[in-house]
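Asker: sequence first, predicted model second:
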Amino acid sequence: MNPLSIFLGLLLMGIGLAMFLPAYRLQQAIARPFPKHFSKILRKNIPHYLKMPADLQLQLKRLIRQFLHEKKFIGCDGFIITDEVKVTIAGKASLLLLNRPSLVYPDLKMILVYPSAFIVPRIEMGSGGVVTHSNQTLSGESWSDGRVILAWDHIQQNKSNLPDGHDVVLHEFAHQLDSESGRTNGAPQMSTAHYRHWSEVLSAEFALLQQAADHQVKSALDYYGATSPAEFFAVATETFFQKTEQMARYHPALFEQFRAYYQVDPRDWN
Ligand SMILES: [Zn+2]
């Protein structure tokens, strides 16, 4: 065999390995038994998990395995990343992917976790070109460049205050889904036929929430959803999973759109 053939053979083998090795490693990671202490964390921190049917529990575990294999967790301000932190965040994020033929947040690379609310500097250009510098305190933030930032104490509060409808993990990962379409605008990827109804219903409900917020009329949806279509989608996602009965009763058209998009009905888990 001449050196050129050997070189080409090695090159093809290298390309083959580079193409198939990541998929092989992912399959290996998913196939590993789900650790018992991971299941214990799910039972403790994700109430939905306890009540969903066995096939959805299996799907959730598979998604968590893939999430943990592909994403990097980074502790900020001295925060230590434990299995509880990883499994809780991966578990809540994976709730949004059940029954859907979607990838596992393909654009997301890392999750940064602070012990508590973090301060983010903001620079805003006002009228007349006046630049304003300020600091904003946040419990979560989602970036389309592959980062989600979360405050652990808020995630723990959400765990114990389930009926209030807030869940920072669901909120920020809804933004991730939204940004997969190329624009974070409250219209995640979906079929054209579904999008037509989605657009009609969400535009009307967004306007209603803006009116409710202006006049301080009580709504199942948090007023924060009235700030933009992107925030409306994230807040409505929280409401869909955390205040399901209220959303179905008071916003049936919106509920149906979210049921069709998320392919689950969390009322079945109550
Ligand atoms: Zn948001």
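Answerer: Noted; the coordinates are in hand.

Asker: show me which residues of the stretch 101-250 of the chain sit near the ion.
Answerer: Residues of the stretch 101-250 of the chain that fall close to the ion, judged by CB under 5 Å from the ion: 231, 234. Using the backbone N, CA and C atoms, a C-beta is placed for each residue, glycine as well.

Asker: okay, now the unreliable bits of the stretch 101-250 of the chain?
Answerer: Applying pLDDT under 70 to the stretch 101-250 of the chain flags the ranges 158-163.

Asker: if we go to 80?
Answerer: 102, 126-129, 158-164 (pLDDT under 80).

Asker: element containing residue 260, please.
Answerer: Taking DSSP states H and E as the criterion, residue 260 maps to helix 252-262.

Asker: and residue 124, by the same measure?
Answerer: Secondary structure assignment for residue 124, by DSSP H and E: strand 118-125.

Asker: contacts for that strand next, please.
Answerer: With CB atoms under 8 Å, 6 or more residues apart in numbering as the test, strand 118-125 has contacts from 76-77, 131-138, 141, 149, 151.

Asker: what's the closest of these to residue 54?
Answerer: Nearest to residue 54 among the contacts of strand 118-125: residue 151, at 32.9 Å, using CB to CB.

Asker: who touches that closest one in this structure?
Answerer: Taking CB under 8 Å, 6+ apart, one finds 113, 114, 115, 116, 117, 118, 138, 139, 140, 168 in contact with residue 151.

Asker: include neighbour count when you put those residues into TSV, please.
Answerer: What follows is those, written out as TSV (neighbours: other CB atoms under 10 Å):
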residue	neighbour count
113	23
114	21
115	14
116	12
117	14
118	19
138	16
139	21
140	22
168	23
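
Asker: just the closest of those to the ion, please.
Answerer: The ion has its nearest neighbour among the contacts of residue 151 in residue 140, at 7.4 Å by CB to the ion.

Asker: ok so, going back, the contacts of residue 151 in helices, which ones?
Answerer: The helices, defined by DSSP state H, take in residue 168 from these.

Asker: could you pull out the helices for the stretch 101-250 of the chain?
Answerer: Counting by DSSP state H, counting those that start in this stretch, the stretch 101-250 of the chain has helices at residues 152-160, 168-179, 192-214, 229-242, 244-250.
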